[in-house]
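J.: Sharing a model prediction with you, sequence too.
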Amino acid sequence: MLLVDVTELAIENLQGGIQHTVKGILSELLLAPPEGWRVAPVQLTREGVYVSASRDLEYLFGPFDDSFSGRHISVRERDVFLGLDLLRDHSAVFRDALARLRGAGVQINVVVYDLLPIDLPHCVPEHISRSFAQWLDVVGDLADGALCISQSVAHRFLRWMSARSGRKAGITVDSFRLGVPNRGGQAPGRKVVQCDDSAKFLMVGTVEPRKGYVDALDAFDRIWIASPDSGISLTIVGRYGWGLRDFLSRLEAHPELGRRLNWLRSATDDEVHDCYRSADGLLFCSYGEGFGLPIVEAAQHGLPMLLRDLPEFREVAGDGAFFFSEPGADGVEGALLDWLELRRQGAVPRPSAAVAITWEASARELLGAVARVQRC
């Protein structure tokens, strides 16, 4: 049996990158269970016991067959646990639950999305850094496999493991890639745009300090002030997260809001799809990511990308993007102007279709990593 932890998704779909991943992977595992395995979506209770999550997932998937529905899960030796969701705020109960599963002979695998609360603590509230560190210790102490969403995260996790006190051996570290929904295998053709200064830029992600939204809006304000008639616009897709109350007030009262500046804070999947189709370029100026799911989404739509020069972005996008490294609003403004000049020359890098793997392929890679942990 493959126990798939979807605790947070069973409570609420926050439409963030982790939620998209959990939905995408779980749907594939339910549609096509690995041969010889029964897939059981589970959620953690306050008592540290895993129970079936099927009833609480009906709001997303509708009713589906689950022999454990509404009952506690009975595990056996050689069953496999896959921690697909992030239980950062429940580390003590999570530790107890994993210890029970290990005691029953269950192999423990946990997906590691990033180590950003450790690497960029100034970008998250203190309680998040603290609770994440506690969760990460649980993974280091009890997991048989740490399955990272990029090779860059895997390398960072290995460095963390080598530096920490306590358990340093007995855990297999592997990686897999994230995907996008299968839209028939055909990316929409990019519309023909005039080689002038008009361009629709898109940013996708939770509005929080790490994402670089303040830098981006500063850069666009400079461009709009310098060229009042500029056709450059910015659309932000993502809910408000934390730490940017002043920016939130500025955004909501911005004179360009509804004109050259738009914010979709609770967009549906179809609305996000339409944003990618209508944009001229994806702007991704985050200061840290574990993968960068909007890169794959943009590649699926054939959308050119302007990316901060991060190892994760290089790994995912390859040569199919325009990269910039200068920090702050200066860096974003310079990147925008440089990209527009490249477009006039017909030299904008184009994303590779190979970047846009589906969730089906992502799930296969994840199951491959689980199998390698079993062999170790």
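T.: Thanks, I have the structure now.

J.: Can you show me the strands along the stretch 101-250 of the chain?
T.: Per DSSP state E, counting those that start in this stretch, the stretch 101-250 of the chain has strands spanning 107-112, 145-148, 172-175, 199-204, 232-237. These are given in chain order.

J.: Most tightly packed of those strands?
T.: With neighbours taken as mean count of other CB atoms under 10 Å, the strands of the stretch 101-250 of the chain reach their highest mean count in strand 145-148, at a mean of 26. Backbone N, C-alpha and C define where each C-beta goes, glycine included.

J.: Figure out how far that strand is from the centre of its chain.
T.: Computed by CA atoms, centre = their mean, to the nearest Å, the chain-centroid distance of strand 145-148 equals 15 Å.

J.: Quickly run through the sheet partners of it, with directions.
T.: According to DSSP bridges, strand 145-148 forms sheet pairs with strand 107-112 (parallel), strand 172-175 (parallel).

J.: now the strands of the stretch 101-250 of the chain in TSV, with distance to Q19 and mean pLDDT?
T.: Listed next are these as TSV, based on distance: least, CB to CB, whole Å; pLDDT from 0 to 100:
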stretch	distance to Q19	mean pLDDT
strand 107-112	13	98
strand 145-148	18	98
strand 172-175	20	96
strand 199-204	14	97
strand 232-237	14	97
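
J.: Minimum distance to A335: which of these has it?
T.: Comparison of these against A335 by CB to CB identifies strand 199-204 as nearest, at 10.4 Å.

J.: Now do that closest one against strand 232-237, angle only.
T.: An angle of 20 degrees separates the directions of strand 199-204 and strand 232-237 when computed by axes from the mean of the first three to the mean of the last three CA atoms, to 10 degrees.

J.: Report the distance from strand 199-204 to the chain centre.
T.: Distance of strand 199-204 from its chain centroid, counting by CA atoms, centre = their mean, is 18 Å.

J.: residue contacts, I295?
T.: Residues in contact with I295 (CB atoms under 8 Å, 6 or more residues apart in numbering) are 282, 284, 305, 307, 313, 316-317, 321, 351, 355.

J.: Let's see which of those end up in helices.
T.: Judged by DSSP state H, the contacts of I295 include 313, 316-317 as members of helices.

J.: which one of those sits closest to L98?
T.: For those, the closest approach to L98 (CB to CB) belongs to V316, at 29.7 Å.

J.: secondary structure element for the nearest residue to that closest one once chain neighbours are set aside?
T.: Spatial nearest neighbour of V316, excluding adjacent residues (CB to CB, 6 or more residues apart in numbering): I295 at 4.9 Å. I295 belongs to helix 293-300 when assigned by DSSP states H and E.

J.: how distant is that helix from the center of its chain?
T.: In terms of CA atoms, centre = their mean, the gap separating the centre of helix 293-300 from the centre of its chain is 11 Å.

J.: for stretch 97-117, which positions count as buried?
T.: Taking 16 or more other CB atoms under 10 Å as the basis for neighbour counts, the residues of stretch 97-117 that come out buried are 97-98, 101, 106-117.

J.: Farthest pair within the residues you listed?
T.: So, the buried residues of stretch 97-117 by CB to CB: farthest apart are V106 and L116, at 28.7 Å.
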